[in-house]
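# I need the structure of the sequence given here:
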Amino acid sequence: MNFGLDRLLSDPDLRRDLKGRRVALLAHPASVTADLAHGVDALAACDGITLTALFGPQHGMKGDLQDNMMESPDYRDPVHGVPVFSLYGEVRRPKDEWMETFDVILIDLQDLGCRIYTYVTTLLYVLEAAQKHGKSVWVLDRPNPAGRPVEGLALRPGWESFVGAGPMPMRHGLTMGELGRWFIHHFRIDVDYHVITMENWSPDQAPGHGWPLLERAWVNPSPNAPNLSMARAYAGTVMLEGATLSEGRGTTRPLELFGAPDIDARAVIAEMQALAPDWLGGCKLRDMWFEPTFHKHVGRLCSGVQIHVEGPHYDHGAFRPWRVQALGFKAIRRLWPDYDLWRDFPYEYAFGKLPIDVINGGPSLREWVDDAAAMPGDLDALTLPDEAAWIEERRPFLLY
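Next up is the predicted model:
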C-alpha cells in the first residue's frame, strides 16, 4: 500500500498545483516514506516543491520531548535552512506572521486514532488559521492504527481543550484526512482543503487491522508510542495520565500497562473479571512487576497489569480498551475504597479541572468509578448512545 506522502512524491500530477507556490510541512519523526526517508528531506529534493517553512507539533519535529507540557523551541533547520515553528511552545495555534511564510501547508502526521492525541487538535487549529489567512491545507493521509472501531463517551460542551477538539468519542476510528473533513463540516470552516489519500488501506484486514504490519515499519509518532500494541491500548490507557497509577512511562512498555507499589495486580484482575468479563474480550491481562526509571513511582517496584493485544490474544472486533481501563479503575476503587486514585494538577493547559475529567471530556467516567452503587451497565447506558451516534455522524466523511 502507499501512504499519502509516498503518492505525492511519486505522482507529478498530484504535485501539479504546488508548482510555483510556497510550501510548508507540519510533521514529526514518523513522517517518513516507505523507505524511511523523512518527509522534510524527500519533499525538499522533489521537483516542483519549494519548502519555505516547517512546523512541529507536541513533542517537537524531532520527537525528543517525553512528557506533556514540555515545550519545543523554534529553530532553523540546519540542513535546509528553513524556519521550524513550534506549535507546542510559546503558542499552540500558528502565529499570524508564520502563516505568511507559505501558500500551502502539507500535514503529514501519524495519528493513533484517539481524541486526546494532540495532533488531532493541532489539525483543527491549522485549519482555522488557514481559513483566516486564505491558505490551502493538504493532508497527506496515513493509517489509523487503531482501525475503525468506535468507543468512549463523547466530549461534552464546555469541556473543549487541547486534548479535546470536538464532540467525538475517545476512539474515533478516522484517519487524519477524514478528521479534517469532519472538522470543516462541524465547525463550518471555509478553507481550500485536499486529502492525498492512501492506496489500498484495509482497516479491517488482519493481522494489522488498521496498520499494514507486513508492509511498513513502525516509527514512534511520539516518544511513548513505541509499537502497535500501544496504539491499540492507548484509547484506554491514556486515562492513566489523570490517575496516580503509573502508565508505564519509564519502562519499555509505556501505555500498555498500569500499576503502583500499593496495589495487588492479581486481585485487580480477579475483580475486573468478576465485575464485567464481557468488557475484557479481545485481550489478555497478565499480572507483572515493573520499576519506572522516570515519571510516576520512579525507582519503586510496582505491581502491575499488562494488557496484551498481540498474536493469539488479540481480537480486533472484541477489544474495547476504554472499557478495559475504566474497569481497572473501578476494580481498584472497589478493592480499596479510599485509594487516592485521581491526580490534581494543571493538565495540557486546562486549569482548574481534574485531569481525568479533561481527558474524558467531562466528569462522567470519574463519577461512575467513584459511585459505589454504579455498575458496568450504568456506564454502558451513558456510552452506547454516544458511540452509535458517532458511527452515523462520521459516515459521510469516510474516504476508505
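# residues in contact with F258?
Neighbour list for F258: 237, 240, 243, 245-248, 304-305, 325, 328 [criterion: Cβ atoms under 8 Å, 6 or more residues apart in numbering]. Just so you know, the C-beta spots here come from the backbone N, C-alpha and C atoms, and that holds for glycine as well.
# any idea which helix or strand comes after the strand or helix carrying it?
Here F258 sits within strand 257-260, counting by DSSP states H and E. Counting by DSSP H and E, the next helix or strand C-terminal to strand 257-260 is helix 265-275.
# need the residues that contact that next one.
With contact meaning Cβ under 8 Å, 6+ apart, helix 265-275 is reached by 259, 279-280, 285, 287-288, 303-305, 324, 327-328, 330-332, 334-335, 375-376.
# list buried residues within those residues.
Neighbour counting by 16 or more other Cβ atoms under 10 Å classes 259, 279-280, 285, 287, 303-305, 324, 327-328, 330-332, 334, 376 among the contacts of helix 265-275 as buried.
# would you map the helices across the stretch 1-150 of the chain?
In the stretch 1-150 of the chain, the helices defined using DSSP state H, counting those that start in this stretch lie at 4-10, 12-15, 39-44, 96-99, 119-133.
# for the fourth one, packing partners?
Think helix 96-99. helix 119-133 (3 or more Cβ pairs under 8 Å, 6 or more residues apart in numbering; DSSP states H and E).
# how far off centre is the helix it packs on?
Put simply, helix 119-133 sits 17 Å off its chain's centre (Cα atoms, centre = their mean, to the nearest Å).
# which residues belonging to it are considered buried?
Quick answer for helix 119-133 (16+ other Cβ under 10 Å): 119-131.
# for those residues, which one is nearest S222?
Y119 (8.5 Å; Cβ to Cβ).
# from the contacts of helix 265-275, which land in helices?
Of the positions in these, 324, 327-328, 330-332, 334-335, 376 sit in helices, assigned by DSSP state H.
# just the CA atoms of the strand holding F258, as PDB, please.
Extracted as PDB, the C-alpha positions of strand 257-260 are listed here (Å, rounded to 0.1, in the frame of the first residue of the first chain):
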ATOM      1  CA  LEU A 257       0.200  -1.400  31.500                       C
ATOM      2  CA  PHE A 258      -0.900   0.100  34.700                       C
ATOM      3  CA  GLY A 259       0.200  -0.300  38.300                       C
ATOM      4  CA  ALA A 260       1.500   1.100  41.600                       C
END
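# tell me, how many residues neighbour the residue nearest to D315 when sequence neighbours are not counted?
Leaving aside its sequence neighbours, D315 sits nearest to G282 (Cβ to Cβ, 6 or more residues apart in numbering; 3.7 Å). For G282, the count of nearby residues is 17 (other Cβ atoms under 10 Å).
# show me how far stretch 196-209 is from its chain's centre.
Distance, centroid of stretch 196-209 to centroid of chain: 18 Å (Cα atoms, centre = their mean).
# hmm, I was thinking of stretch 260-273
27 Å.
# then stretch 17-24?
Taking Cα atoms, centre = their mean, one finds the center of stretch 17-24 at 29 Å from the center of the full chain.
# quick one: end-to-end length of that stretch, please.
Terminal residues of stretch 17-24 are spaced 14 Å apart (Cα to Cα, to the nearest Å).
# stretch 72-92 too?
Stretch 72-92 end-to-end distance (Cα to Cα) = 11 Å.
# let me see the mean pLDDT of it.
Throughout stretch 72-92, pLDDT has a mean value of 91.
# and what of stretch 110-126?
Stretch 110-126 carries an average pLDDT of 97.
# how many neighbours does M230 have?
M230 has 23 nearby residues by other Cβ under 10 Å.
# that one contacts T251, doesn't it?
No. In this structure M230 lies outside contact range of T251 using Cβ atoms under 8 Å: 11.5 Å.
# shared neighbours, the two?
With Cβ under 8 Å, 6+ apart, M230 and T251 have no common neighbours.
# return the member of the ones in helices among the contacts of helix 265-275 nearest to R181.
Closest to R181 out of the ones in helices among the contacts of helix 265-275 is V324 (30.0 Å), distances taken as Cβ to Cβ.
# relative to G4, how far out is the closest one?
32 Å (Cβ to Cβ, to the nearest Å).
# next: R76.
Taking Cβ to Cβ, one finds R76 at 27 Å from G4.
# next one: K353
Relative to G4, K353 is positioned 36 Å away (Cβ to Cβ).
# neighbour count for the two, which is higher?
G4 (24 against 16).
# hmm, back to that, in this structure the residue nearest to D315 contacts H316, no?
Yes. G282 lies in contact with H316 (Cβ under 8 Å); the separation is 6.9 Å.
# V137 - how many residues pack around it?
Neighbours around V137, by other Cβ under 10 Å: 24.
# apologies, that question was intended for S86.
20.
# wait, doesn't it sit right on P73?
Yes. Counting by Cβ under 8 Å, S86 does reach P73; the two are 6.1 Å apart.
# who are the neighbours of the lowest-mean-pLDDT helix or strand in the chain, in terms of helices and strands?
Among the helical and strand segments of the chain, the one scoring lowest on mean pLDDT, DSSP states H and E is strand 75-76, with a mean of 92. Helices and strands touching strand 75-76, by 3+ Cβ pairs under 8 Å, 6+ apart, are strand 83-86.
# hmm, who's touching the strand it packs on?
Counting contacts by Cβ under 8 Å, 6+ apart, the residues outside strand 83-86 that touch it are 53-56, 60-61, 71-77, 94-95, 98, 101.
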